[in-house]
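K.L.:
Sequence and predicted structure below; questions after.
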Amino acid sequence: TLAAAPAATTVDPLLPQIAQAAVQTGTMRASMAQLEQQVTASRQEIERLRQDLDQAREDAVTDPLTHLLNRKGFQHFLESLVQAPPGGGAAPGLIMIDVDHFKQVNDQHGHTMGDRVLAGLGEVLRAVVPRQVGWSARYGGEEFAVLLSATTGERATQLADALRDRIAAMKLRNRQTNEVVLTVTVSTGVALHRPGEDSTGFVARADKALYRSKQTGRNRTSLAP
């Protein structure tokens with residue numbers, strides 16, 4: 001008697017296609033994951049570049065010694081205010097500030113101490129004049145400016161006097177002995193913006209008031225008429 005032949009094994013003809021599809025799916029998933037990583041990295045790079053740009057813009061209008069606005073930054077806000085004054089009984093105000101006898105500070109104590117004086121004034125201005133009140137700037141050399149968005153002559157004069165008092169209270173010490181070696185005072189001039197007045201005239205009136213303070217004894221505030 002002959003033995004029965006073994007049954008033939010049936011092979012699913014779709015198996016190779018299924019295997020190939022599985023490989024392609026895995027490859028696609030890996031590609032998608034890689035693409036997502038690239039997109040995330042690109043977003044992070046864009047954010048970093050944006051932050052760098054914002055920092056560069058801020059640096060362009062910031063005085064590096066005092067960390068106040070520089071002349072360019074000050075001029076930007078000044079032009080905006082004189083073109084669109086607030087109205088309602090208030091007006092933009094400007095306080096010009098100059099260190100009394102600053103040349104003597106440099107001559108007697110050196111430029112390093114002079115820089116410490118200027119940096120100290122920057123700290124006082126940032127503390128007394130927050131951004132919601134106005135903008136403080138190093139206008140040039142030992143001269144500073146405070147631009148107020150909306151004020152009166154009385155309030156601006158009071159602020160100028162408060163700044164003078166805080167600056168006069170500064171004590172610069174010898175860093176080795178802690179001995180007080182220097183105090184300084186400032187003279188200030190205050191002006192309120194007149195309707196239709198351009199920025200040049202506004203600054204000139206505040207400057208004129210400042211020099212009246214210088215000529216009448218220093219360490220005082222004068223209000224432009």
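P.N.:
Nice, thanks for sending it over.

K.L.:
List the contacts of Glu143.
P.N.:
Counting by Cβ atoms under 8 Å, 6 or more residues apart in numbering, Glu143 makes contact with Met96, Ile97, Asp98, Val99. All C-beta atoms are positioned from the backbone trio N, CA, C, and that covers glycine.

K.L.:
just Leu118 next, same as before
P.N.:
Contacts for Leu118 (Cβ under 8 Å, 6+ apart) come out as Leu65, Thr66, Val99, Arg138, Glu142.

K.L.:
can we see that at 7 Å?
P.N.:
Contact analysis of Leu118 by Cβ atoms under 7 Å, 6 or more residues apart in numbering lists Leu65, Thr66, Glu142.

K.L.:
Could you report the separation of the last one from Ile97?
P.N.:
Going back to what we said before, that points to Glu142. Going from Glu142 to Ile97 by Cβ to Cβ, to the nearest Å gives 9 Å.

K.L.:
Does the strand or helix carrying Val181 pack against any helices or strands, and if so which?
P.N.:
Secondary-structure assignment from DSSP states H and E places Val181 in strand 180-182. On a contact count with 3 or more Cβ pairs under 7 Å, 6 or more residues apart in numbering; DSSP states H and E, strand 180-182 meets helix 102-109, strand 172-173.

K.L.:
Put together TSV for those, with mean pLDDT, distance to Arg212 and mean neighbour count on each row.
P.N.:
Output for these, formatted as TSV (pLDDT from 0 to 100; distance: least, Cβ to Cβ, whole Å; neighbours: other Cβ atoms under 10 Å):
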stretch	mean pLDDT	distance to Arg212	mean neighbour count
helix 102-109	94	18	14
strand 172-173	90	28	14
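
K.L.:
Ok, which of the ones you listed comes nearest Arg164?
P.N.:
With Cβ to Cβ, the closest approach to Arg164 among these belongs to helix 102-109: 14.9 Å.

K.L.:
Could you check how far Val105 is from Ser31?
P.N.:
Per Cβ to Cβ, Val105 is found 67 Å from Ser31.

K.L.:
Redo the contacts of Leu118 as CSV? Include pLDDT.
P.N.:
Shown next, in CSV, are the contacts of Leu118 (pLDDT from 0 to 100):
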residue, pLDDT
Leu65, 96
Thr66, 97
Glu142, 96
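
K.L.:
Do you have the helices of the protein handy? List them.
P.N.:
Ranges of helices in the chain, per DSSP state H, are 15-60, 71-83, 102-109, 111-128, 153-168, 199-215.

K.L.:
Make a markdown table from the contacts of Glu143 and add distance to Ala150, pLDDT and neighbour count to it.
P.N.:
Listed next are the contacts of Glu143 as a markdown table, based on distance: Cβ to Cβ, whole Å; pLDDT from 0 to 100; neighbours: other Cβ atoms under 10 Å:
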| residue | distance to Ala150 | pLDDT | neighbour count |
| --- | --- | --- | --- |
| Met96 | 18 | 98 | 26 |
| Ile97 | 20 | 98 | 27 |
| Asp98 | 25 | 98 | 20 |
| Val99 | 28 | 98 | 21 |
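
K.L.:
In strands, which of those fall?
P.N.:
Met96, Ile97, Asp98, Val99 (DSSP state E).

K.L.:
ok, these vs Ala119, which is closest?
P.N.:
Nearest to Ala119 among those is Val99, at 12.1 Å by Cβ to Cβ.
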